[in-house]
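Q: A structural model of the following input is requested.
(chains A and B, ligands or ions: 1)
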Amino acid sequence: MIRTFEGPGQLGAITKLKPMPFNPITQLKCQSCGSIHTRPHKEGDYIFGGVEEKCPNCGGSKHTIIAIYVEDQRQPPRKQT
Amino acid sequence: MIQVLWFLFLISFFFIYPYFGQRTQLAFVLRYIEKRLAVLKQLRDEVRERTLNTIKKYIDGGDTSPIEKELDNLLEFFYIPPESMDPSGIVYKLEHILEIGDSRFEESVAKMAPKADIHRVKSLSNLVEVARALNLIYRVVRHYYLLGKRMANYFLALQIQIQLPMIMELAESYRQASYAFLKGIPIGDGVGVLSAAKFVKESKPISETEIAKDTWLNVVEFEGRRVYVVRPIGPGGTVGRPGEAVRKLVYEMDTKPDLIITIDAALKLEGEETGKIAEGVGVAIGGPGIDKFKIETLAKEKEVPLYAIVIYQSIIEAITPMRESIVKSADSVVSRVKELIKSKVPSNGTAIVAGIGNTVGVGL
Ligand SMILES: [Zn+2]
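A: Sure thing, here's the model as predicted:
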C-alpha cells in the first residue's frame, strides 16, 4: 500500500514558514527641482512611471520613479574568506 | 568465558550491522526529507492561495469555484519538448510549443481575471508560473521520498537528500518571486532591461514601435551612431521576443548592424559580489535558447560581432525583488555600453542593443 503524503502534521513534522523579510523602497525624482527622495514601495509603482506626490523640498507635485529595490542585507563580516 | 561472549558479540555485530546500519540511515534520511517536504507543501499552498486571492480581486463577482478549478488545471500544466532524434529544425518546433503554452497561460489568466489590464494579466501569468514551478518541485521531491520509502532504498532517498538544501533555497526564492510579481516589484533578472531603458533615456530619440510580441524597439542617436534598442514591454512581467525582434530588424527592416550587444543577468559563482559587471563575446540570453539561437545564426551569416555585458547575481537574487547593488550597477552598465559603441562602431554606423530579462516593475 502506498501511503501518500497528505500534509504537514500528518507525519509529525510541522515547521512554520518564516515571514518574508521585505520592505521594498521606491526612489523618486522631483521633476521641478530634481531632488531625489525615497519612500516605502506602494502597489502600482514602477520604474520610469510618474506619480503625483508633494515634494518635501520644493512643494512640486510631479515625480518620476527612478528605482525600486530592497536594501542589501548587511551580513556580519566573516573571520576568514 | 568472557572471551566467548566477546566473540559472539563481534560475530553478531558483523552479521547484523550491514542490514541494520543501512536501515537506520534510511530512517534518518527519510525523516530529513519528510520535514522539508512539509515545508515545500506549505510553500506551494501559500503561493497558490496568494495567486488565487490576487486573481479574485479582478473578477466580476459571483461564483469563484470555477476559477479555483482553472487555476489547479494550470498548476498541472506541462510542456512536451520536441523529439530530438532528428534535431534539424528543433529550435522552431520548441519555439512553437512554448508560444502555444504562453498564450494558453495568458488567455486562461485573462479569462479568470477579466478586470485586469494587459500588464496585470502578464504579471498574473508569471505568478501562476511560479505557483506551477513550486507545485512541480513539491511533486518531484514527494516522488523520491515515497519511492525511497516504498522500496526501502537508501540510495533513492539519498539522491534527493543531497540536492534538498539547494531545492529548499530555490523554493524559498520562488516564494519571494511570487511576492514581486504580485506587487509588481522589479526582480534581479530585470537589470538588463533596466540598463537598456536607461540608455534610451540618455540618448536622442528618433522613433519607437512594437517590433515583436511584447517587445519594444527604440531607435535612438548616440554620438552620431544609430542605435536600435530592443527590450520587453513593461511594467507587466514578460521577457518579450528579443531574438525575433533582432531577426526582424536585420532581415525585414534591412538594418546592417556593425555590432550587437546583449545585456543580461548572469549567475555568479559562490563568493562573488552581487552586481559585478563583466564583458565578453557571444549572446547573453538565458532560457530555452531560441532567442540566443536566432541572434547567433544571423550574426554568423551577416558577420556581425556579438558582444555581451552581464551583471552577476545568484539564482535567488535573479528571481526575487531587485537588490540595491543590482539597481546601482545599471548605471555602470550604461557607461560600459556607451564605451563599447564608441570604440567598436564607426561614427554614423549602426548598433543593436538588446536588454534581456523579465521586465516586471520596469516601465517603458
Ligand atoms: Zn521638488
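
Q: assumed residue B:185 was part of a strand.
A: No: under DSSP: H, G, I helix; E, B strand; the rest coil, residue B:185 falls outside any strand and is assigned coil.

Q: how many neighbours does it have?
A: 28 (other CB atoms under 10 Å in any protein chain shown). Just so you know, the C-beta spots here come from the backbone N, C-alpha and C atoms, and that holds for glycine as well.

Q: where does it land on pLDDT?
A: With respect to pLDDT, residue B:185 scores 93.

Q: tell me where the chain has strands.
A: With no chain named, the answer covers chain A. Assigned by DSSP state E, chain A shows strands spanning A:25-30, A:36-40, A:50-52, A:62-69.

Q: let me rephrase: I mean chain B.
A: Counting by DSSP E, the strands of chain B are B:204-212, B:215-222, B:225-232, B:259-267, B:277-281, B:306-313, B:350-355.

Q: tell me the buried residues in the fourth one?
A: For strand B:259-267, a neighbour-count test (16 or more other CB atoms under 10 Å in any protein chain shown) marks B:259, B:260, B:261, B:262, B:263, B:264, B:265, B:266 as buried.

Q: is it in proximity to chain A?
A: No: using CB under 8 Å from any CB of the partner chain, we find that strand B:259-267 stays clear of chain A, coming within 14.3 Å at best.

Q: check the second one too.
A: No: contact of strand B:215-222 with chain A is not found when judged by CB under 8 Å from any CB; the minimum separation is 12.2 Å.

Q: partner strands of that strand and their direction?
A: strand B:204-212 (antiparallel), strand B:225-232 (antiparallel) (DSSP bridges).

Q: out of these, which is the most enclosed?
A: strand B:225-232 (a mean of 25; mean count of other CB atoms under 10 Å in any protein chain shown).

Q: what angle do that strand and strand B:259-267 make?
A: 40 degrees (axes from the mean of the first three to the mean of the last three CA atoms, to 10 degrees).

Q: spell out which residues of chain A are next to the ion.
A: Where chain A comes near the ion, counting by CB under 5 Å from the ion, the residues are A:30, A:33, A:55, A:57, A:58, A:60.

Q: ok, now which ones touch the fifth one?
A: Remark: with contacts taken as CB atoms under 8 Å, 6 or more residues apart in numbering or on different chains, residue A:58 is in contact with A:30, A:32, A:33, A:35.

Q: for residue B:170, same thing?
A: By CB under 8 Å, 6+ apart, residue B:170 lies in contact with B:137, B:315, B:316.

Q: go on, residue B:26?
A: Counting by CB under 8 Å, 6+ apart, residue B:26 has contacts B:148, B:152, B:153, B:154, B:157.

Q: per-residue confidence for it?
A: 91.

Q: so how far is chain A from residue B:11?
A: Computed as CB to the nearest CB, to the nearest Å, the residue B:11 to chain A distance reads 37 Å.

Q: in chain B, what residue is nearest the ion?
A: In chain B, no residue comes nearer to the ion than residue B:201, which is 19.3 Å away by CB to the ion.

Q: what's the local residue count around that residue?
A: What residue B:201 shows, counting by other CB under 10 Å, is a neighbour count of 13.

Q: just give the nearest non-adjacent residue to it, would you?
A: What sits nearest to residue B:201 in space, not counting adjacent residues and going by CB to CB, 6 or more residues apart in numbering or on different chains, is residue A:48, at 7.6 Å.
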